[in-house]
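>>> with the input below, show me the fold.
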Amino acid sequence: MAHGILNCTFDSKTMLYQCYMPFIERGGLFIPTQRTYQLGDEVFAVLTIMNEPEKVPVSGKVIWITPPGGQNNRPAGVGIQVNPQDEAAIRKLETLLAGTQESDTTTFTM
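Numbers count the residues shown, from 1 in each chain. This next block holds a predicted model:
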């Protein structure tokens, strides 16, 4: 089933932190969406990251699903494990998130 391109805007470091999934091998991202996916679906997303001038394309597979009305008022969406060829994008996000990994702020997945 074709889902098209997911567009995700991280307009703050807090939003980026809430969507980053450091516990996923090669890195993962939670992307809020109302679209329906199945585990294992291939996903292509275009990320807009704060004030960065260039959009960041990433692809991966769905490894996490939060349905509408999820626990603790978490937004609906999917977590994707980023494909190896897009690991540079994850490194960029990790650089932007430096110093926040030990935060007590809740995320959209854990």
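
>>> which residues does residue 49 bridge with?
Taking DSSP bridges as the rule, residue 49 bridges to residue 10.

>>> please apply the same query to residue 60.
Counting by DSSP bridges, residue 60 forms beta bridges with residue 43, residue 82.

>>> now do it against residue 80, distance only.
Residue 60 sits 4 Å away from residue 80, going by Cβ to Cβ, to the nearest Å. The way it works is simple: take the backbone N, C-alpha and C, and place the C-beta from them, glycine included.

>>> anything in contact with each of those two?
Common contact partners of residue 60 and residue 80 (Cβ atoms under 8 Å, 6 or more residues apart in numbering): 28, 29, 43, 45.

>>> quick check: the gap between the residue positioned nearest the centre of the chain and residue 78.
Centrality entry for the chain: nearest residue to the mean C-alpha point is residue 29, 2.2 Å, by Cα atoms, centre = their mean. Residue 29 sits at a distance of 9 Å from residue 78 (criterion: Cβ to Cβ).
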